[in-house]
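Participant: I'd like to go over a predicted model; first the sequence, then the structure.
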Amino acid sequence: MTGSQFAVVAGCGAVVVAIGSVIFAKPVWGDRLDARAGKALFDRVWIAAPSSTDSSDGLGPLFNARSCASCHAGGGGARVKIDAAGNSRLIQKLSGAVVRLGSADGKTDPYYGLQLQTDAVPGLTPEARISFLPKLSVQLFGPPLADGIAGGVRVAPSLWGRADVDRIADAEIVKREDPEDADQDGISGRARRVDGEIGRYGWKAQHATLPAQIAHAFALDIGISSPVAPKPYGDCTALEHACLAAATGESALNDKREVSKVMIGLVQEYLATLEPSKAGAADGIEVFEKARCAKCHVPQMTANDGSSIALFSDLLLHDMGNGLDDKVGETGVASAEWRTAPLTGLNPLDGARRYLHDGSAANV
């Protein structure tokens, strides 16, 4: 996507507020007891191992959050918290954001790994102290980053409506691929392949299924292992010896990991209850389409059962140009490429939100 097309797409946010399907609704529980159990896991505050609570320990050893809900409060995304400091001024803190590390071609840092962890279990030192507002500031507690490694902010996205992404047919995604702009509409895009499957989740479409995304978040952000992501030490690298010497919470009760495959499935059931409202102004979508926003933020996608899913994304990777290039790439994905962000569940009327992958946009 060229700079001129980027300018058009960037302006799409200005009309998002008029589209009713981006507004929050209440969770749709019905009789879903599994979903209620999943919410309890989502809200659970994990503790360090060993402990007497065999299914609640295993935190870290290095981590960014103690629970899923600490970054995704109410299933939402990153938010700005304003705390009073004395009586003289206010300090703004961006909650639900991390710093991802990597080179332009997808290499990770040999010492810090894929992500900077800002907290640690007792006896260990975190990797860094990070401040996001008004601009990113990082103080490392270890060696400098390796040559060619950059750091980029990633904000936690809203989870409302995201469980539906698993139901979208592969063909529905692939049919919109146009990596060379063969139709000459000024927009190119491609699907990401992950172990032979179509990538759907994450800012770079790095996960093909919702369970894979959930397990990755448990491992990377909280340091909790599972059969899907068997990493009891989270993002600790071979050079972080103290981290690798710490206790883990792996248990025979949980598939010999810290959470079981069943527990991952329960969290998935909870996320399926977060259904965005469909009510809203009909003229909003007309403006949205006239601005060509819908070329990438496709309003409706077809599910495997033939039903329609309101997502406002094509789930493809697009080159967004230098303006959104943070120099942190992934294997097979350039640092300027981003999966089209779904617009459902953004709740743009909430002034505490931040927008874009790095939270650099303060409002819609």
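Facilitator: That came through fine.

Participant: wait, isn't residue 204 in contact with residue 317?
Facilitator: Yes. With contact defined as C-beta atoms under 8 Å, residue 204 reaches residue 317; the gap is 7.2 Å. C-beta: built from backbone N, CA, C; applies to glycine.

Participant: Give me the common contacts of those two.
Facilitator: 192, 333, 337-339 (C-beta atoms under 8 Å, 6 or more residues apart in numbering).

Participant: how about JSON lines for those residues, with pLDDT and neighbour count added?
Facilitator: Below are the shared contacts of residue 204 and residue 317 laid out as JSON lines (pLDDT from 0 to 100; neighbours: other C-beta atoms under 10 Å):
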{"residue": "192", "pLDDT": "98", "neighbour count": "23"}
{"residue": "333", "pLDDT": "97", "neighbour count": "20"}
{"residue": "337", "pLDDT": "98", "neighbour count": "23"}
{"residue": "338", "pLDDT": "98", "neighbour count": "22"}
{"residue": "339", "pLDDT": "98", "neighbour count": "25"}
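
Participant: farthest pair in those residues?
Facilitator: 192 and 338 (10.8 Å; C-beta to C-beta).

Participant: Identify the contacts common to those two.
Facilitator: Joint contacts of residue 192 and residue 338 (C-beta under 8 Å, 6+ apart) are 204, 317.

Participant: got a list of what residue 296 touches?
Facilitator: Shown in contact with residue 296 (C-beta under 8 Å, 6+ apart): 9, 187, 189, 313-314, 316, 318, 340.

Participant: From the residues you listed, list just the buried residues.
Facilitator: Neighbour counting by 16 or more other C-beta atoms under 10 Å classes 9, 187, 189, 313-314, 316, 318, 340 among the contacts of residue 296 as buried.

Participant: How is residue 39 classified with respect to secondary structure?
Facilitator: helix (DSSP: H, G, I helix; E, B strand; the rest coil).

Participant: Quick one: residues contacting it.
Facilitator: Contact analysis of residue 39 by C-beta under 8 Å, 6+ apart lists 27, 270, 273.

Participant: buried set for the host helix or strand of residue 36?
Facilitator: Remark: residue 36 resides in helix 33-43, with elements defined by DSSP states H and E. Going by neighbour count (16+ other C-beta under 10 Å), the buried part of helix 33-43 is 34-35, 37-39, 41-42.

Participant: Would you map the helices across the chain?
Facilitator: Secondary structure of the chain, counting by DSSP state H: helices at 3-10, 13-16, 33-43, 170-174, 210-217, 241-244, 261-271, 282-290.

Participant: Which one, of those, ends up nearest to residue 117?
Facilitator: helix 241-244 (9.0 Å).

Participant: Just the buried residues of that closest one, please?
Facilitator: By neighbour count on 16+ other C-beta under 10 Å, the buried set for helix 241-244 is residue 243.

Participant: contacting residues around the closest residue in space to residue 60 that isn't next to it in sequence?
Facilitator: Leaving aside its chain neighbours, residue 60 sits nearest to residue 223 (4.0 Å; criterion: C-beta to C-beta, 6 or more residues apart in numbering). For residue 223, the contacting residues are 58-63, 117, 231-235, by C-beta under 8 Å, 6+ apart.

Participant: Distance check, residue 358 against residue 192.
Facilitator: Counting by C-beta to C-beta, to the nearest Å, the gap from residue 358 to residue 192 is 20 Å.

Participant: picking up where we left off before, what's the pLDDT at the residue nearest to residue 60?
Facilitator: Looking at residue 223, its pLDDT stands at 98.

Participant: again, but for residue 5
Facilitator: 43.

Participant: next one: residue 32
Facilitator: Taking residue 32 on its own, its pLDDT is 87.

Participant: is it true that it touches residue 269?
Facilitator: Yes. Using C-beta under 8 Å, residue 32 is in contact with residue 269, at 6.3 Å.

Participant: Give me the common contacts of these two.
Facilitator: Common neighbours of residue 32 and residue 269 (C-beta under 8 Å, 6+ apart) do not exist.

Participant: Look up how far residue 267 lies from the closest residue to residue 68 other than its chain neighbours.
Facilitator: For residue 68, ignoring the flanking residues on the chain, the nearest one in space by C-beta to C-beta, 6+ apart is residue 42 at 4.6 Å. Residue 42 sits 6 Å away from residue 267 when distances are taken as C-beta to C-beta.
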